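**Student:** okay, sequence plus prediction incoming.
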Amino acid sequence: MVFCSKCGEENNDSAVYCQKCGNKLKPEEKEEDFSLIDIKAIIKGIIAFVCSLILITIPLFEVYSNSLGVSLFIYGFSLFIIQLSHFIGGLFAGLNSKRKYLSGMLNGAIIGIIIGIPMSLIMINLSPMSRYILIELWLRFCIAGLIGGLVGVFINKTIHKS
């Protein structure tokens, strides 16, 4: 037996509407929204990544253009800048991800995946370290994008509270 949520009347299991008040007994099953990956949000995030990377690294090239080798400090600082740029790219993807946390995280992580591979290869070539850290660098960039996407959705939800 199915009970009406409005009046409490007992109805047959096959009933769609309450026999006493006419209230719909079984809510329509919603189709799952599988549109979590938003291409426009990812493109905006990639543009934000490129812009932030350019704006942050131009001063670096000016300062370090005369140095012959890449010191460990410069390598570490470059790694931080690239991770920050992944975070910013994820942040912009999250801001444009329809206020869904999973969507923001996925879109931010996709930015980390897409841009993380070439950035990891660049960092490996600059580094005196082993090539085995390629996966670690790639994961760092993916996580930075994912966290940026999460923060972007949080900011979007905070700004547009309904």
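**Tutor:** That came in fine, so what should we check first? Numbering: from 1, shown residues only.

**Student:** from His160, how far out is the most centrally placed residue in the chain?
**Tutor:** In the chain, the residue lying closest to the centroid (Cα atoms, centre = their mean) is Gly108, at 2.3 Å. Using Cβ to Cβ, to the nearest Å, Gly108 is found at 19 Å from His160. Where you see a C-beta, it was placed from the backbone N, CA and C, and this is true even at glycine.

**Student:** also Leu137?
**Tutor:** From Leu137 over to His160 the distance is 35 Å, taken as Cβ to Cβ.

**Student:** now do Phe87
**Tutor:** Applying Cβ to Cβ, the value for Phe87 to His160 is 21 Å.

**Student:** more neighbours: the two, which one.
**Tutor:** Looking at Phe87 and His160 with other Cβ atoms under 10 Å, you find the greater number of neighbours at Phe87, namely 26 against 8.

**Student:** report the beta-bridge partners for Lys24.
**Tutor:** Lys24 forms beta bridges with Tyr17, as assigned by DSSP bridges.

**Student:** how many other residues sit next to Arg99?
**Tutor:** By other Cβ under 10 Å, the residues close to Arg99 number 17.

**Student:** now do the contacts for it.
**Tutor:** Val153, Asn156, Lys157, His160 (Cβ atoms under 8 Å, 6 or more residues apart in numbering).

**Student:** over to the first one. Which of the three states is it?
**Tutor:** Of the three states, Val153 takes helix according to DSSP: H, G, I helix; E, B strand; the rest coil.

**Student:** ok, it touching Gly104?
**Tutor:** Yes - in terms of Cβ atoms under 8 Å, Val153 counts as a neighbour of Gly104; the distance is 3.5 Å.

**Student:** out of these two, which sits in the more crowded spot?
**Tutor:** Gly104 (34 against 27).

**Student:** in what helix or strand does that one lie?
**Tutor:** Gly104 is located in helix 101-126, with elements delineated by DSSP states H and E.

**Student:** helices and strands around that helix, which ones?
**Tutor:** helix 39-64, helix 72-95, helix 134-159 (3 or more Cβ pairs under 8 Å, 6 or more residues apart in numbering; DSSP states H and E).

**Student:** perfect, that will be all.
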